[in-house]
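1. kindly return the folded structure for what I paste below:
(one chain, ligands or ions: 1)
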Amino acid sequence: MSKTFYITTPIYYPNAKLHMGHAYTTVICDVLARAHRLKGEEVYFLTGADENTEKVVRAAKEAGQNMEEYLNNIVENFKSLFSKLEISYDQFIRTSDSKNHWPGVTEIWKLLEKSGDIEKRSYEGLYCVGHEAFITEKDLVLGKCPEHDEKPQLLKEENYFFKLSKYTKQIKEKIESGEMEIIPESRKNEILALLERGLENISFSRSADKMSVGIPVPNDSSQKIYVWGDALVNYISALGFGRGDELYKKFWPGMHVIGKDILRFHAAIWPGMLLSAGLPLPKKLLVHGFITSGGKKMSKSLGNVIDPMFLIDTYGAEAVRYYLARHISPFEDGDLTLESFKDAYNANLANGLGNLTSRIMKMAQDNIEKLKEEKIEELEKKEIPKEFFDYLDKFEINKAVDLIWFEISEMDKFIQENQPFKVVKTEKEKGQKMISDLVIRLFNVAKMLEPILPETSVKIKELIKQNRTPDKPLFARKD
Ligand code: ME8
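-> Okay, the predicted model is just below:
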């Protein structure tokens, strides 16, 4: 039986268009999913939408649409962006899906209840709809939530609480022992410090008359399951947990890729729920930083939000994948501006990879026979350098991509220093050997590109198989 690999993105809120941050998480998940497929593993890649929230109810109202129509439209937009970005997901889970998602959530709730970890108690607090959470008096500026610029509501109600505090020690142990690995180390330390201070029990339901959407609490229809008790379960409900599906047995536990904003939910609440339910914890959490633009958080008011669709339309999806995989660190905040994107595109795709492909294939077309089929098969089978996968296994995606571009610059250097196009005119065999060696190296580059730039990888291999230069540059220069 082949090894399995399960990877998930967060489920995104469908209250607005996806931006570069969402594209980033999804692209790096895709790179990892493709790399594991390349290693011959059986991969399951999940993404989706977090729909049962008041944010979405408000956004639908603002758009003048009913919920279903609104959600369907926005989910279509998500999927169309993912399809352009060549995201090879296996499933798109929607939490409004009562057939596929709800049984898992209900099942988890019952398991938590059985462990004696659900209790009903009265709660009063300031509730911010933007945060979808209670906030405290000291968070307010002039009586308003500064982040969402709105007055919180004073809510008093009976809620069900999850006794998360009970699991503080166990969660800490699982993280310290590496049973649930948190990458990078700095995020692991951040969560360990939080656990050191202790976790509080958390509100896990809302009164049904205040929450127009959501999953009813089992045996108490006056309450609905609150955001995290619902959303986090997507990672296993999608695999058929609570519906008796085999996928769960096959793929759980897996790894989650998230942004630093939702670390606490994934590294404290989610493992607490799983421990209470007696289920295995995720193997790994990869926690990446935020994408900023010009050093600032992307925000509508600053006018620095970059729409991934705009970049795709201008430069192509592969350019976007390239930038995200190479020029953003998976562990820290990274910056993206229209200028930095254009510079990287021209230097490394138009001049770098694109130009090199044209030069090598022109020399090959003019001077050598096309590679024999057996040779191509042999090259396909040849192992990709271990170093490449080593970086990917450590999630140093940018360094894995650097390795490809290092080889590209080495090949450029070789051509410049040895001028095989001249040698072939005077010493035919020697020149031909140089050129066919370059073609073989280019084939290996195409293989390593597969998880990063899947379309370009196929294009380059095709050119090599047909022994011809591209009709037009792979990446046209942009002014
Ligand atoms: O939090 N840079 O959904 P969400 C990098 N529904 N990544 C970013 C980013 C940025 N500037 N902005 C967003 C939610 N992200 C919940 C998740 S999971 C059970 C529920 C990415 O639509 C990053 O992955 O607000 C972040 O964690 C996620 O989008 C938040 O997406």
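
2. now residue 92: which helix or strand?
-> Following DSSP states H and E, one finds residue 92 within strand 91-94.

3. residue 452 now?
-> Going by DSSP H and E, residue 452 is not in any helix or strand.

4. spell out which parts of this protein neighbour the ligand.
-> Neighbours of the ligand within the chain, by Cβ under 6 Å from any ligand atom: 10-13, 21-22, 24-25, 50, 231-232, 234, 258-259, 261-262, 290-291, 298. No exception for glycine: its C-beta is placed from N, CA and C like everyone else's.

5. recalculate using a threshold of 8 Å.
-> For the chain, the contact set with the ligand under Cβ under 8 Å from any ligand atom comprises 9-13, 15, 18-22, 24-25, 50, 53, 228, 231-232, 234-235, 257-262, 265-266, 270, 288-292, 297-298, 333.

6. so which of the residues you listed are in helices?
-> The helices, defined by DSSP state H, take in 20-22, 24-25, 228, 231, 234-235, 270 from those.

7. check contacts around residue 163.
-> Applying Cβ atoms under 8 Å, 6 or more residues apart in numbering to residue 163 gives the contacts 116-119, 201, 276.

8. neighbours around whichever residue of the stretch 201-350 of the chain sits closest to the ligand, how many?
-> Going by Cβ to the nearest ligand atom, the ligand is nearest to residue 259 of the stretch 201-350 of the chain, at 2.7 Å. By the measure other Cβ atoms under 10 Å, the count of residues near residue 259 is 17.

9. check residue 214 too.
-> Residue 214 - counted by other Cβ under 10 Å - has 26 other residues nearby.

10. report all helices and strands that the helix-or-strand element of the chain with minimal mean pLDDT contacts.
-> Within the chain, no helix or strand scores below strand 133-135, which has a mean of 77 by mean pLDDT, DSSP states H and E. With contacts taken as 3 or more Cβ pairs under 8 Å, 6 or more residues apart in numbering; DSSP states H and E, strand 133-135 sits against strand 118-128.

11. endpoints of stretch 146-158, how far apart?
-> Using Cα to Cα, to the nearest Å, the end-to-end distance of stretch 146-158 comes out at 27 Å.

12. and it, how far from the chain's centre?
-> 31 Å (Cα atoms, centre = their mean, to the nearest Å).

13. got the contact list for that stretch?
-> With Cβ under 8 Å, 6+ apart, stretch 146-158 has contacts from 120-131, 134-135, 139-140, 143-145, 206-207, 210, 223.

14. how about a cut-off of 6 Å?
-> 120, 122, 124, 126-128, 130, 135, 143-145, 207 (Cβ atoms under 6 Å, 6 or more residues apart in numbering).

15. return the set of buried residues in it.
-> 152, 155, 157 (16 or more other Cβ atoms under 10 Å).

16. strands - which of the residues you listed land there?
-> 155, 157 (DSSP state E).

17. want to throw the buried residues of stretch 146-158 into TSV with pLDDT?
-> Compiled in TSV, those are given as follows (pLDDT from 0 to 100):
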residue	pLDDT
152	93
155	82
157	80
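
18. let me know the closest of the buried residues of stretch 146-158 to residue 391.
-> The shortest approach to residue 391 among these belongs to residue 152, at 45.1 Å (Cβ to Cβ).

19. how about that closest one: what's its closest non-neighbour residue?
-> Spatial nearest neighbour of residue 152, excluding adjacent residues (Cβ to Cβ, 6 or more residues apart in numbering): residue 126 at 4.0 Å.

20. from residue 358, how far off is residue 225?
-> Distance, residue 225 to residue 358, by Cβ to Cβ, to the nearest Å: 57 Å.

21. so between these two, which is more surrounded?
-> residue 225 (25 against 16).

22. right, and the ligand sits closest to which residue of the protein?
-> For the chain, Cβ to the nearest ligand atom, closest residue to the ligand: residue 21, 2.1 Å.

23. any idea which helix or strand carries residue 130?
-> Counting by DSSP H and E, residue 130 is part of no helix or strand.

24. give me the neighbour count for it.
-> Neighbours around residue 130, by other Cβ under 10 Å: 15.

25. quick one: pLDDT of it?
-> Residue 130 carries a pLDDT value of 77.

26. quick one, what contacts it?
-> Residue 130 makes contact with residue 148, according to Cβ under 6 Å, 6+ apart.

27. for the one 4 residues further on, same thing?
-> Residue 134 is in contact with 125, 127, counting by Cβ under 6 Å, 6+ apart.

28. ok, now residue 29?
-> 7, 9, 257.

29. nearest to residue 450 among the residues you listed?
-> residue 7 (16.6 Å).

30. in what helix or strand does residue 310 lie?
-> helix 308-315.

31. can you list the residues that contact that helix?
-> Applying Cβ under 6 Å, 6+ apart, the set of residues contacting helix 308-315 is 20, 23, 84, 320, 345.

32. please, which helix or strand holds the fourth one?
-> Counting by DSSP H and E, the element that carries residue 320 is helix 317-327.

33. tell me the mean pLDDT over that helix?
-> 98.

34. sketch out the low-pLDDT regions of the stretch 151-300 of the chain for me.
-> Residues of the stretch 151-300 of the chain that meet the criterion pLDDT under 70 lie in 300.
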